[in-house]
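> structure here, sequence nowhere to be found:
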């Protein structure tokens, strides 16, 4: 039997008492009572300390395992480097490659490696490392991209040639940023220490070297003086794991951290009012949504499009936006970021609880129903709570199941969840890459698909005429909207806090990216 969402052992508590406790904690944070036990960041010369909003996972140290979300790039931009990757002012800038060319027929993609680029262990970055990194890649869309590549050739140590079976206009975007396949690891080192050994002591070619990792506590990296682009001025980066938002703000106020990720709602208001601190909002490539995982099951209430549409009409997006992100999050009505190539703007979805109740009644659920479980990344449980308040208002009763991020994304990708899933992705890409990962059959987070949409995707993937391709991708997005495959929530504005020691946080330097990057551009006010 489907269960209601309110019980005493739920991980998330609700009600007046819980809200009062939050305000009390905020007051304690303002007095500096919380977040004791760490040395003030200002006492550490040349060190910049982040307060991470999530527990860090070793899988994010390895480009081979990128899961179709942006989170791993928080660490990849420090530890590793790609042949080509998004950089300030350029979504595909040659990095470990000094040049990139594609043949006129679209079948050959060639890279010339940058002379003198080395890994942290001093080994040169070679064409063999590039080929090895591609062949080793096993993350999001691995099968999809490898099926399109006929061969990877290494005619000499500084040249790599990818030969495709047929022209594929999205090769570079998949290779450089949608996946981690183009982020390069040292072949000999990986083979010598093994897969587990690499996660314990990763070696890359990025601006920072791995120093230590204490699970659930902190990650430490130090500047790599031999980084080809420029040596970082900040000599050490530390990520303190502080999942509680109130405690993150307290740590920022006390000077224990310099930058705090994800400070929202009344805490963001408090941050904005605090002398010496800055609120740093960044609108990122991360729409959030409600996904109806059981919509293909005829026995499920979610199989009825009227029930799915009732959910999307029930959601008070504007109210949630004001409450949690102070109005910074765009309400786009799409799972595709608004600045992506081939984005289609759907009509505005109204907040209409009365219409939602009528649709539920038509579908046989007058008075609502117990709708099972609502799974989410625990760091966005407050967004889920707000969404569930909207659903409860029209009679849809759901039990919230927040799960720590790494485990949540694994379960989401392994199709372990039922009923409804609150998802989101800030991964780089375009409308086609978003469709491939979240809509089309075989996608990493696709629980079911529609044959006509799948067919349209296959057509656009081989279409080299841009106008025709755009029309196909617009039609795909229109069908997703009309069928309420998803109930979009918002495109996230990621609100961060900055302390007084920071000269350049690097927030927003790379379009759509939520975290500091490039890290070699981060600096303290004293020039360190």
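It's in. Everything quoted here is computed from the prediction, not taken from an experiment.

> low-confidence ranges, the stretch 1-150 of the chain, go.
Along the stretch 1-150 of the chain, the model assigns pLDDT under 70 to residues 1-45.

> nope, the chain is what I was after
Along the chain, segments meeting pLDDT under 70 span 1-45, 527-528.

> just want the most central residue of it.
Nearest to the mean C-alpha position of the chain, by C-alpha atoms, centre = their mean, lies residue 70 at 2.9 Å.

> so what's that residue up against?
284, 285, 286, 425, 426, 427, 428, 513, 514, 515 (C-beta atoms under 8 Å, 6 or more residues apart in numbering). All C-beta atoms are positioned from the backbone trio N, CA, C, and that covers glycine.

> from residue 198, how far out is it?
When C-beta to C-beta, to the nearest Å is applied, the distance between residue 70 and residue 198 equals 22 Å.

> please tell me how far residue 365 sits from residue 401.
Distance of residue 365 to residue 401, computed by C-beta to C-beta: 22 Å.

> tell me which of those two has more neighbours.
In this view residue 365 and residue 401 are compared by other C-beta atoms under 10 Å, and residue 401 has more residues nearby, 24 against 20.

> now do the more buried one against residue 414, distance only.
15 Å.

> could you point out the longest strand of the chain?
strand 278-292 (DSSP state E).

> same for that strand, what does it pack against?
Applying 3 or more C-beta pairs under 8 Å, 6 or more residues apart in numbering; DSSP states H and E, one finds that strand 278-292 contacts helix 265-273, helix 305-314, strand 420-424, strand 486-498.

> and residue 197, how many neighbours?
Look at residue 197: counted by other C-beta under 10 Å, it has 12 neighbours.

> and the helix or strand hosting it, what other elements does it pack with?
In the assignment (DSSP states H and E), residue 197 maps to helix 187-200. Helices and strands touching helix 187-200, by 3+ C-beta pairs under 8 Å, 6+ apart, are helix 127-136.

> just the buried positions in the helix it packs on, please.
127, 129, 130, 131, 132, 133, 134, 136 (16 or more other C-beta atoms under 10 Å).

> max pairwise distance over those: which two?
By the measure C-beta to C-beta, 127 and 136 form the most distant pair in the buried residues of helix 127-136, at 14.7 Å.

> please enumerate the helices of the stretch 401-528 of the chain.
In the stretch 401-528 of the chain, the helices defined using DSSP state H, counting those that start in this stretch lie at 405-413, 431-438, 451-461, 466-482.

> need those helices in JSON lines with distance to residue 396 and mean neighbour count, can you?
Shown next, in JSON lines, are the helices of the stretch 401-528 of the chain (distance: least, C-beta to C-beta, whole Å; neighbours: other C-beta atoms under 10 Å):
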{"stretch": "helix 405-413", "distance to residue 396": "21", "mean neighbour count": "19"}
{"stretch": "helix 431-438", "distance to residue 396": "23", "mean neighbour count": "26"}
{"stretch": "helix 451-461", "distance to residue 396": "26", "mean neighbour count": "16"}
{"stretch": "helix 466-482", "distance to residue 396": "21", "mean neighbour count": "17"}
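
> which of those sits closest to residue 60?
Residue 60 lies closest to helix 405-413 among these, at 7.7 Å (C-beta to C-beta).

> tell me the angle of the closest one relative to strand 420-424?
120 degrees (axes from the mean of the first three to the mean of the last three C-alpha atoms, to 10 degrees).

> who are the packing partners of helix 405-413?
Using 3+ C-beta pairs under 8 Å, 6+ apart, the elements in contact with helix 405-413 are strand 369-377.

> which strands or helices does the strand it packs on pack on?
For strand 369-377, the packing partners by 3+ C-beta pairs under 8 Å, 6+ apart come out as helix 381-393, strand 396-403, helix 405-413, strand 420-424.

> now with 7 Å?
Strand 369-377 is packed against helix 381-393, strand 396-403, strand 420-424, with contacts defined by 3 or more C-beta pairs under 7 Å, 6 or more residues apart in numbering; DSSP states H and E.

> residue 123: neighbour count?
Number of residues near residue 123 (other C-beta under 10 Å) recorded here: 15.

> so it sits right up against residue 187, yeah?
No. Taking contacts as C-beta atoms under 7 Å, residue 123 lies outside contact range of residue 187: 9.0 Å.

> residue ranges for the helices of the stretch 151-300 of the chain, please.
171-173, 187-200, 245-253, 265-273.

> kindly reformat these as CSV containing distance to residue 302.
Converted to CSV, the helices of the stretch 151-300 of the chain look like this (distance: least, C-beta to C-beta, whole Å):
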stretch, distance to residue 302
helix 171-173, 32
helix 187-200, 37
helix 245-253, 31
helix 265-273, 30
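
> most tightly packed of those helices?
Among the helices of the stretch 151-300 of the chain, helix 245-253 has the highest mean neighbour count (mean count of other C-beta atoms under 10 Å), at a mean of 26.

> check the offset of it from the chain's centre.
Distance of helix 245-253 from the chain centroid (C-alpha atoms, centre = their mean, to the nearest Å) equals 23 Å.
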